[in-house]
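1. Generate a structure from the sequence data that follows.
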Amino acid sequence: MLVKVYGSAVFGVEATTITVEVNVARGIGYHLVGLPDNAVKESSFRIAAALQNNGYNFPGKKIIVNMAPADMRKEGSAYDLTFALGILAASGQIKAENISDYLIMGELSLDGSLQPIKGALPIAIQAKKEGFKGFILPAQNAKEAAIVSGLEVYGIGNIIEVIGFFNDNASLEKTIINTREEFYNNLEQQDHDFADVKGQESIKRCMEIAAAGGHNIILIGPPGAGKTMLAKRLPSILPPMTLHEALETTKIHSVVGRLKESVGLMSQRPFRSPHHTISDVALVGGGAYPQPGEISLSHNGVLFLDELPEFKRSVLEVMRQPLEDREVTISRAKFTVTYPSSFMLVASMNPSPGGYFNDPDAPVTSSPAEMQRYLSRISGPLLDRIDIHIEVTPVPFEKLSEERNGEPSVKIRERVTKAREIQTARFRDSDKVHYNAQMSVKHIREFCDLDESSKQLLKTAMERLSLSARAYDRILKVSRTIADLDSAENICSRHISEAIQYRSLDREGWLG
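-> Below is the predicted model:
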């Protein structure tokens with residue numbers, strides 16, 4: 001008897017429906033075809049044990065299982081439940097009248113219980129597009145799949161529940177969540193707040209500008225100056241995520257299995273902080289079977305690279321293209337996968353190997369030559385892609401001992417959101433540009449018009465600091481953001497002068 005059941009394969013951040021054809025006939029043997037990997041091939045042992053331990057038989061006949069399309073590589077253990085139900089239906093142990101109305105996925109344990117799968121959200125989105133009535137999957141993934149409205153989602157704990165459902169002996173409980181209500185209820189929750197930061201007013205101002213325009217920023221300062229503390233609080237002042245951004249971000253985290261069981265839709269912007277020993281594949285994504293890397297997991301959020309010069313140079317250099325294009329393309333001989341990677345880069349570093357500036361009073365001193373050698377670990381082209389460079393100095397005791405809290409993140413976020421609204425209106429006719437950091441040369445020429453005094457100021461800075469053409473564009477972008485925070489229609493010389501201050505690492509002006 002031939003039966004068709006349906007599963008799904010995740011390719012990049014999108015899902016493709018897989019038709020699983022199960023044929024049980026006379027003879028002996030189990031044949032699985034359709035480019036399965038080892039995890040898929042091993043499913044027969046898990047299925048046989050799970051069925052036996054729940055009072056059902058693995059048929060002692062010739063079983064052929066075909067996974068179509070047959071030329072696409074299938075991987076992972078999520079097809080166990082799909083195969084098991086197909087075998088039961090084809091051998092007449094369960095009813096199969098409406099089994100093709102449902103998309104079925106899940107990894108089986110030997111006792112018949114189900115383990116969570118990866119990519120439940122993109123699979124559910126594709127299931128709805130293709131008109132499936134429902135999606136049967138492990139209970140641990142039910143909340144993320146239930147984000148998709150118009151699709152019946154059934155979270156189950158054991159294969160017996162599904163068998164009873166198709167035999168009309170039992171009913172399954174639908175997982176229903178109010179996506180919008182849950183999203184907006186969790187939108188304002190923040191783990192960190194700028195009110196906890198003592199002093200560092202100039203750095204807070206930089207962070208506000210960076211958040212308002214989506215600019216990349218690097219913090220340079222000695223150990224204990226507060227670089228990491230400030231970076232961790234940056235997501236708290238970014239504008240709240242839109243529903244579309246939340247869905248995009250949740251899809252990426254779903255594909256790599258990083259969503260918490262209690263979370264349906266992510267409502268907080270991601271903050272990723274990989275260790276400096278990370279490989280280039282782990283950072284940008286890839287592998288034999290490509291997976292999103294840290295830069296894609298930071299999509300719509302913040303990627304924090306602590307102690308930037310300690311990262312391998314090859315790792316840092318592969319970030320150049322994603323920083324410009326805001327997406328990363330992984331190419332293989334037979335296919336190409338594109339992952340979104342629109343993130344804010346926040347980096348921190350010590351000014352020298354000893355950790356301190358060239359100061360005779362510092363605990364460990366470094367010569368200007370040593371400092372220059374240390375800084376040269378980061379290439380000029382990468383630094384050019386970072387809009388704001390700022391020095392972070394230690395906080396004096398008087399500031400640390402103050403009982404008064406600093407300005408809370410909520411207040412800063414209000415100003416940032418207002419500036420972003422100005423930018424949204426400015427770029428309403430552009431599909432790919434939403435805030436100032438994304439501006440192309442064409443947009444810079446259109447929206448960053450300078451008066452004569454501003455041009456002269458910028459010309460002097462360009463000549464004295466030996467700035468590149470890219471650094472020139474960065475200064476104009478930051479100036480435009482500062483003007484937006486001032487609600488100014490045109491860029492003034494004060495906006496230009498403040499933006500020039502935020503280029504500390506330009507070689508001709510920092511070490512003297």
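
2. Could you confirm residue 430 falls within a strand?
-> No. When classified by DSSP: H, G, I helix; E, B strand; the rest coil, residue 430 is found to be coil rather than part of a strand.

3. how many other residues sit next to it?
-> Counted with other CB atoms under 10 Å, the neighbours of residue 430 add up to 13. Backbone N, C-alpha and C define where each C-beta goes, glycine included.

4. What strand or helix carries the nearest residue to it once chain neighbours are set aside?
-> Nearest in space to residue 430, with sequence neighbours left out and distances taken as CB to CB, 6 or more residues apart in numbering, is residue 443 at 7.6 Å. For residue 443, the element it lies in under DSSP states H and E is helix 441-447.

5. repeat for residue 82
-> helix 80-90.

6. Residue 148 and residue 14: what is the separation?
-> Distance, residue 148 to residue 14, using CB to CB, to the nearest Å: 14 Å.

7. higher neighbour count, these two?
-> residue 148 (21 against 16).

8. Can you name the residues that contact the more buried one?
-> Contacts for residue 148 (CB atoms under 8 Å, 6 or more residues apart in numbering) come out as 121, 124, 125, 127, 128.

9. of the residues you listed, closest to residue 59?
-> The nearest member of those to residue 59, counting by CB to CB, is residue 127 at 28.3 Å.

10. Overlap of the contact sets of residue 148 and residue 14?
-> By CB under 8 Å, 6+ apart, no residue touches both residue 148 and residue 14.

11. Residue ranges of each domain in the protein, please.
-> 2-177, 185-510 (automatic domain parsing).

12. any idea how far the last one is from the chain center?
-> Meaning domain 185-510. Centroid separation for domain 185-510 versus its chain: 15 Å, with CA atoms, centre = their mean, to the nearest Å.

13. Next: the first one.
-> Chain-centre distance of domain 2-177: 28 Å, with CA atoms, centre = their mean.

14. Please state the mean pLDDT value computed over that domain.
-> Averaging pLDDT along domain 2-177 yields 94.

15. How about stretch 410-422?
-> 95.

16. Can I get the buried part of the contacts of residue 148 as one ChimeraX selection?
-> To isolate the buried ones among those in ChimeraX, judged by 16 or more other CB atoms under 10 Å, type:
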select :121,124,125,127
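
17. Take the contacts of residue 148 and write them to JSON lines, including distance to residue 25.
-> Shown next, in JSON lines, are the contacts of residue 148 (distance: CB to CB, whole Å):
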{"residue": "121", "distance to residue 25": "38"}
{"residue": "124", "distance to residue 25": "34"}
{"residue": "125", "distance to residue 25": "36"}
{"residue": "127", "distance to residue 25": "30"}
{"residue": "128", "distance to residue 25": "35"}
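
18. Going by distance to residue 369, which of the contacts of residue 148 wins?
-> The closest of those to residue 369 turns out to be residue 121 (CB to CB; 52.7 Å).

19. And the helix holding residue 82, what does it pack against?
-> Judged by 3 or more CB pairs under 8 Å, 6 or more residues apart in numbering; DSSP states H and E, helix 80-90 is in contact with strand 2-11, strand 14-25, helix 43-52, strand 62-68, strand 102-104, strand 107-108, helix 159-166.

20. Reformat those into TSV and put distance to residue 451 next to each item.
-> As requested, the helices and strands packed on helix 80-90 are arranged in TSV below (distance: least, CB to CB, whole Å):
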stretch	distance to residue 451
strand 2-11	52
strand 14-25	48
helix 43-52	70
strand 62-68	65
strand 102-104	61
strand 107-108	64
helix 159-166	71
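
21. most neighbours per residue, which of these?
-> Greatest average neighbour count among the helices and strands packed on helix 80-90 goes to strand 102-104 (a mean of 25), per mean count of other CB atoms under 10 Å.

22. where's the closest residue to residue 224 other than its chain neighbours relative to residue 226, distance?
-> Excluding its sequence neighbours, the residue lying closest to residue 224 (CB to CB, 6+ apart) is residue 394, at 6.5 Å. Here residue 394 is placed at a distance of 8 Å from residue 226 (CB to CB).

23. now do residue 343
-> For residue 343 relative to residue 226 (CB to CB), the value is 22 Å.

24. Mind checking which of those two has more residues around it?
-> Counting neighbours by other CB under 10 Å for residue 343 and for residue 226 shows that residue 343 has the greater number, 26 against 20.

25. which non-adjacent residue is nearest that one?
-> Residue 343 sits nearest to residue 298 (CB to CB, 6+ apart), 3.9 Å away.

26. isn't the residue nearest to residue 430 right up against residue 433?
-> Yes. If you go by CB atoms under 8 Å, residue 443 and residue 433 touch, sitting 6.2 Å apart.

27. what touches both of the two?
-> residue 427.

28. Please identify the helix or strand for residue 31.
-> Going by DSSP H and E, residue 31 is in strand 29-33.

29. ok, then the element right after that strand?
-> helix 38-41.

30. Touching that following helix from outside, list them.
-> Helix 38-41 is contacted from outside by 32, 67, 74, 75, 76, 77, 79, using CB under 8 Å, 6+ apart.

31. from the residues you listed, which would you call buried?
-> 32, 67, 74, 75, 76, 77, 79.

32. sorry, back to before: Throw the contacts of helix 38-41 into TSV and include distance to residue 264, thanks.
-> Below are the contacts of helix 38-41 laid out as TSV (distance: CB to CB, whole Å):
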residue	distance to residue 264
32	34
67	29
74	27
75	26
76	22
77	24
79	24
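
33. where are the low-confidence patches of the stretch 151-300 of the chain?
-> For the stretch 151-300 of the chain, the stretches with pLDDT under 70 are 188, 261-262.

34. switch the cut-off to 90
-> 168-170, 176-193, 195-202, 221-226, 242-244, 257-268, 286-291 (pLDDT under 90).

35. now the stretch 401-512 of the chain
-> If you take pLDDT under 90 as the line, the stretch 401-512 of the chain has these spans: 401-407, 429-434, 438, 440-441, 449, 451, 460-474, 500-512.

36. how about 70 then?
-> 504-512.

37. just the helices in it please.
-> For the stretch 401-512 of the chain, the helices defined by DSSP state H, counting those that start in this stretch cover 409-426, 441-447, 452-465, 469-485, 493-501, 507-510.

38. List the buried residues in the third one.
-> Buried residues in helix 452-465, counting neighbours by 16+ other CB under 10 Å, are found at 454, 457, 458, 461, 462, 465.

39. Count the residues that sit near residue 444.
-> Neighbours of residue 444 (other CB under 10 Å): 17.

40. Quick check: it touching residue 475?
-> No. Look at residue 444 against residue 475 with CB under 8 Å: they stay out of range, at 10.2 Å.

41. just to revisit the earlier point, Throw the helices of the stretch 401-512 of the chain into a markdown table and include distance to residue 215, thanks.
-> Listed next are the helices of the stretch 401-512 of the chain as a markdown table, based on distance: least, CB to CB, whole Å:
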| stretch | distance to residue 215 |
| --- | --- |
| helix 409-426 | 12 |
| helix 441-447 | 14 |
| helix 452-465 | 17 |
| helix 469-485 | 6 |
| helix 493-501 | 10 |
| helix 507-510 | 19 |
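
42. Please identify the deepest-packed of those.
-> When you average the neighbours per residue for each of the helices of the stretch 401-512 of the chain (mean count of other CB under 10 Å), helix 469-485 leads with a mean of 23.
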